[in-house]
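In: coords below, sequence missing:
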């Protein structure tokens, strides 16, 4: 009985010999390697199938393929996104938060009037968020 492993997201230049060389370097055994190609151009479609002789060898191939680049490569975009947000992120009012800019301006010039804290916002009167916003901005240096 043969056990088949699917390898995806391969570069188009990868050949059957490249995969077999990788298997030999990792001390893995495969009965057959099939790189799927476009019949017209003979260019790789970016995936291949490896037939393993038994279940243990199949598990080893999967483990090595995932640790060789799958998990590490999958985390790179998330890590880069977090890094860029941390390094270049700017605290900018979003959507209806621009309505609070006059309140913040008044709180930096003097104590804002109590009526400004109780102004209607859409269908609500949001006293607690408006009351804590100037304090939060002064303590976190967002402006």
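Out: Good, I have the coordinates. Owing to the predicted nature of the structure, the values given are computational and were not obtained by experimental measurement.

In: CA only for contacts and neighbour counts going forward, please
Out: Fine.

In: if I look at the residue most central in space within the chain, how far off is residue 25?
Out: For the chain, residue 78 is the residue whose C-alpha lies nearest the centre (Cα atoms, centre = their mean; 3.2 Å). The gap separating residue 78 from residue 25 is 30 Å, by Cα to Cα, to the nearest Å.

In: before we move on, the earlier item: give me the pLDDT for the residue nearest to the centre of the chain.
Out: Here, the pLDDT recorded for residue 78 equals 77.

In: gap between it and residue 88?
Out: Residue 78 is 15 Å from residue 88, by Cα to Cα.

In: again with residue 131
Out: 29 Å.

In: quick one, which of those two is more surrounded?
Out: When neighbours are counted by other Cα atoms under 10 Å, residue 131 and residue 88 differ, and residue 131 comes out ahead with 16 against 8.

In: Pull up the pairing partners for the biggest strand by length in the chain, direction included.
Out: Scanning the chain for the longest strand, with DSSP state E as the assignment, gives strand 44-52. Its sheet considered, strand 44-52 pairs with strand 3-7 (antiparallel), strand 32-37 (antiparallel) by DSSP bridges.

In: Show me the protein divided up by domain.
Out: Per automatic domain parsing, the structural domains of the chain span 3-88, 95-140.
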